[in-house]
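Trainee: show me how the following folds:
(chains A and B)
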Amino acid sequence: MIVYALMKYIEKIPVRYDRMMNLLTLGCHARAHEMMRSEIEPGMSVLDIGCGTGRFALAAAAKGARVLGVDSSPEMLRVFRENLLARPDLQARVEILECGAGSIGHLLGERRFDRITASLMLGELPDLVRARTIASAATLLAPGGKVVVCDEFWPKSRWMSALYHLLFWIFFVPNFILTRTLIQPVRGFERDVDLAGLSVVARRELLLGAMAVVCLVRSGE
Amino acid sequence: MTPQELRDLVIGVRCVVLRYNPIRFPVGLLSSGRPDATSPVGVSGNYFRTVQRLRKTLRGIDCHILVADSAGINVWCAAGVCDFNEHKIADAVHATGLATVVSHRRLILPQLAAVGVDLARLRAESGFSGTWGPARLEDLPVLLRGDGRVAGAMRLVRFPLADRFHNAVGLFDVFLLLPLALLIFLGTGAAAFALLANALVIFPLFLGYPLFPCRYPANSALIWGLVVTAAVALGGLALAPGSATVWVSVGTTLLAALLVAIDMLGSTPFYKTTIAHWLATGDNRSLFQPLVLDRCTGCGACEAVCPKGIFSLGTADGRGRRAVANLDAECCECLACLKQCPREAIANVHGALFKDDIKSVPDVARLVLGEPQAPPHRAIAREEPE
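Mentor: Numbering: from 1, shown residues only, chains lettered A, B, ... in the order given. Model (predicted):
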């Protein structure tokens, strides 16, 4: 919730978003992106859900991938478009679509992607929309493809869960004053992943387990 | 009282008492009565209390209620800052599988969401067409029962006693910061005094608003605030003459009075204006005055969404049917007309001089000047995937 609180606060100034996020997560935001970027290879088609200012999408395109960035925030996409204008070499490989994460299945129909990425955005979605987003990602995955998610996850162990509850209440007031919203780490992720027919093949933890980068493939692949 | 009713009551009270700390109703599809595949679908934001009120109001009417994410706040505020828009509604449509539940493809949307929802894009993203419902949910049953259509007073936003009370409670909560600061630095006496002064500044103003003589609410707030400040000064001097605490209390009361007056320049359904304009002229009318351009075709989109009833359709200057703006009416600068006009035919009489705190109208800076340009975000000029 701490990372999300910082994120929500900084989202109000999208131009400085990336630099601030990295500073405030002690460099973990950059490390997580580096881990995600290592999953991208030249020529791959990538769908970046919640692409925001396009930092990851542009990095993936720079590695030679074709990227479709999807986000529901016109403000963030405006900054993305400006960033894209500054990189004429990548423009042919980057597409931008403004829509909600829950609508990608409907809008992208028959398209398939080798990598579907989502960085710090699942926790912003209501439970039902998150489940739908993960299910859509499973459908949009090309054979042999991977979903790569970086997020804050609610811990499984009872003690850590209790600690999170405690932290949540301690940070409740400053969190709320700064962000005016309540965002929690992703809960019920395993169930959503199961129902979508995906399985976890790799999980790397950051910030003492507060954040994790998770790779998913279609079950049975 | 059933446990469910008790729970609803507790949450309802909690929503009012801690107004600016919203509780979110889970996004999903609710049934009212015994809806079937042909029953209408009403869309709601996910402020918990709104959904509660909606269910109560629609009791006995067969319909579906689609709860979409509005960040837990009212749709009017949420729509203005892009927290409630076509993407959020489309997400709710797809997440609930609405297309498999109903056979039609129509959504009834809250009228006050018009400042944030692009109907053409909603259709493209969700497969459903949106029509505007009434401004207040109390008028929904008339529409859903098929007894009438949305027109006239059903489109107007009001500020009745209950709403004014909720607004006052919310403001009082925010202003608790003043007594809290005094509690820490000066002890309980000053804090209790400030608490009382806050209540006196805020509640009589909101609850008794229609009784105040000023035309503009910021002026009423200021005058009333000064009266309370004077009362605090006299009362304090009588109770504890020469005490520094009294002067601190007078200062915080005056501060509260000024801040409440400034709040009246945009945080209520009244007029909206800038602090500078109010200070310079003493009136807090909005500096957005709709100017209908010749491009207008008289489609009525503005009339259907204006919560102040500013637009009517007429045949001004013998140029055929077109919208006519009544500039004497009280505009609240929600910009719903600007957002919904398919011809970009609405500009601002005062050009770029307006409060401009609405985030959900792309190109607003160009639109208010009436500058023509091929509309990139209108029509269905979405960035289609290949």
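Trainee: contacts and neighbour counts: CA atoms only from here.
Mentor: Will do.
Trainee: where does the chain dip in pLDDT?
Mentor: Went with chain A since none was named. For chain A, the stretches with pLDDT under 70 are A:1-26, A:172-183.
Trainee: let's do chain B instead
Mentor: Looking at chain B by pLDDT under 70, you get B:316-319, B:374-386.
Trainee: how about the residues of it that lie near chain A?
Mentor: B:20-22, B:26-28, B:69, B:71, B:82, B:87-88, B:90-92, B:94-96, B:125-126, B:382-385 (C-alpha under 8 Å from any C-alpha of the partner chain).
Trainee: for PyMOL, write a command that selects the buried ones of those residues.
Mentor: Entered in PyMOL, the line below selects the buried ones among the residues of chain B next to chain A, by 16 or more other C-alpha atoms under 10 Å in any protein chain shown:
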select buried, chain B and resi 20+21+22+26+27+28+69+71+82+87+88+90+91+92+94+95+96+125+126+382
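Trainee: what about the residues of chain B next to chain A, which are in strands?
Mentor: Members of the residues of chain B next to chain A lying in strands (criterion: DSSP state E): residue B:28.
Trainee: distance of the spatially most central residue of chain A from chain B?
Mentor: Against the mean C-alpha coordinate of chain A, by C-alpha atoms, centre = their mean, the closest residue is residue A:119 at 1.9 Å. Distance, residue A:119 to chain B, by C-alpha to the nearest C-alpha, to the nearest Å: 19 Å.
Trainee: that residue against residue A:50, yeah?
Mentor: Yes - the criterion here is C-alpha atoms under 8 Å, and residue A:119 meets it with residue A:50 at 7.1 Å.
Trainee: can you name the residues bridging to the residue nearest to the centre of chain A?
Mentor: On the basis of DSSP bridges, residue A:119 takes part in beta bridges with residue A:150.
Trainee: can you give me the neighbour number for residue A:203?
Mentor: By other C-alpha atoms under 10 Å in any protein chain shown, 13 other residues sit near residue A:203.
Trainee: residue A:214 is in contact with that one, correct?
Mentor: Yes - judged on C-alpha under 8 Å, residue A:203 makes contact with residue A:214 at a distance of 4.4 Å.
Trainee: ok, which stretches of chain A are helices?
Mentor: Taking DSSP state H as the test, the helices found in chain A are A:2-11, A:17-24, A:28-37, A:55-62, A:74-85, A:104-108, A:127-140, A:158-179, A:189-195.
Trainee: which residues touch residue B:107?
Mentor: B:40, B:41, B:42, B:43, B:128, B:129, B:130, B:131 (C-alpha atoms under 8 Å, 6 or more residues apart in numbering or on different chains).
Trainee: scan those and report the most crowded one.
Mentor: Going by other C-alpha under 10 Å, residue B:41 tops the contacts of residue B:107 with 26 neighbours.
Trainee: list the contacts of that one.
Mentor: Shown in contact with residue B:41 (C-alpha under 8 Å, 6+ apart): B:63, B:64, B:65, B:66, B:106, B:107, B:108.
Trainee: what about the fourth one, which helix or strand?
Mentor: Just to be clear, that refers to residue B:66. Element membership of residue B:66, judged by DSSP states H and E, is strand B:63-67.
Trainee: what residues does chain A have near chain B?
Mentor: Going by C-alpha under 8 Å from any C-alpha, the residues of chain A near chain B are A:72-73, A:95-103, A:106-108, A:126-129, A:131-132, A:176, A:180-181.
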